[in-house]
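**Q** Give the three-dimensional model of this entry:
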Amino acid sequence: MCGIVGYTGPQSAFTPIVEGLRRLEYRGYDSAGIALGTNNSLFVEKRAGKLANLEAALPANLPTVHSGIGHTRWATHGGPTDRNAHPHLDNEGKLAVIHNGIIENYVQLRAELEKRGHKFKSETDSESVVHLLSDARKENNGDLAAAMRSVCKQIKGSFTLLAIHADAPATIVGARRNSPLVVGVGQGENFLASDVAAFIAHTKIALELGQDEVVEITPGSVVVTDLSGQ
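**A** Residues are numbered from 1 along each chain as shown. Predicted structure coming up:
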């Protein structure tokens with residue numbers, strides 16, 4: 001069980017993300033991490049231990065950004081270390097993914113990805129997803145939602161996934177199977193979380209994502225599709 005938060009909108013993303021993680025810390029004390037979308041790059045920080053360890057590691061001159069994702073981890077595959085903490089990045093460092101759940105076929109996926117030249121930095125099952133998503137995004141001309149639909153068809157197990165890419169940081173894509181994901185709909189801002197408690201201070205309008213559905217949020221839109229794109 002892990003806690004997941006995503007935000008895109010006019011606020012400094014750090015505030016609703018860290019507030020949300022604090023409300024979701026009951027879902028995982030092993031590590032915490034964030035990925036914030038800046039111009040053509042991601043600011044990423046993650047630390048083993050409680051959320052306070054992450055907050056202490058953040059620089060005083062943290063960039064003001066308006067979108068990002070955050071995670072608190074309860075370790076399953078891979079011990080509670082900095083490198084096993086989420087978010088996980090692709091080899092270009094431009095795509096970040098956070099995950100709650102278990103990827104049952106990760107050993108096979110990792111072997112295939114390593115044959116294709118992907119370099120892994122963690123011991124987790126979750127990292128296989130970011131590498132799959134990186135390839136799928138390129139195959140879908142940069143369409144992250146289409147890439148997520150493709151990846152969900154390849155992975156087995158239970159998952160909530162959130163992803164953000166530096167080339168379009170205002171867009172956050174999520175997906176779920178046998179694991180909770182809720183959309184918070186605000187005024188010119190939108191949220192994703194594993195529990196409504198994460199964003200209840202900002203909006204009381206919530207939409208629960210259905211099984212095997214993918215959601216794409218921007219500050220002004222929420223688009224939900226099934227794995228066929230409908």
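
**Q** Which residue comes closest to Arg116 once chain neighbours are left out?
**A** What sits nearest to Arg116 in space, not counting adjacent residues and going by CB to CB, 6 or more residues apart in numbering, is Asp135, at 7.3 Å. Where C-beta positions appear, they are placed from N, C-alpha and C, glycine not excepted.

**Q** which other helices and strands contact the helix or strand hosting the one you found?
**A** Assigned by DSSP states H and E, Asp135 belongs to helix 127-139. Counting contacts by 3 or more CB pairs under 8 Å, 6 or more residues apart in numbering; DSSP states H and E, helix 127-139 is packed against strand 88-89, strand 95-103, helix 106-115, helix 144-154, strand 157-165.

**Q** so where do the strands sit in the chain?
**A** For the chain, applying DSSP state E gives strands covering 3-8, 31-38, 41-48, 67-73, 88-89, 95-103, 157-165, 172-177, 182-185, 190-193, 206-208, 213-218, 221-226.

**Q** And those: which comes nearest Leu58?
**A** Leu58 lies closest to strand 41-48 among the strands of the chain, at 5.9 Å (CB to CB).

**Q** The closest one - which strands sit beside it in the sheet, and in what orientation?
**A** Here strand 41-48 has these sheet partners by DSSP bridges: strand 31-38 (antiparallel).

**Q** what ranges of the protein fall below the confidence cut-off?
**A** 1-2, 25-29, 73-80, 82 (pLDDT under 70).

**Q** now the end-to-end length of stretch 215-225.
**A** Using CA to CA, to the nearest Å, one end of stretch 215-225 lies 6 Å from the other.

**Q** Just the buried positions in that stretch, please.
**A** Judged by neighbour count using 16 or more other CB atoms under 10 Å, the buried positions of stretch 215-225 are 215-219, 224-225.
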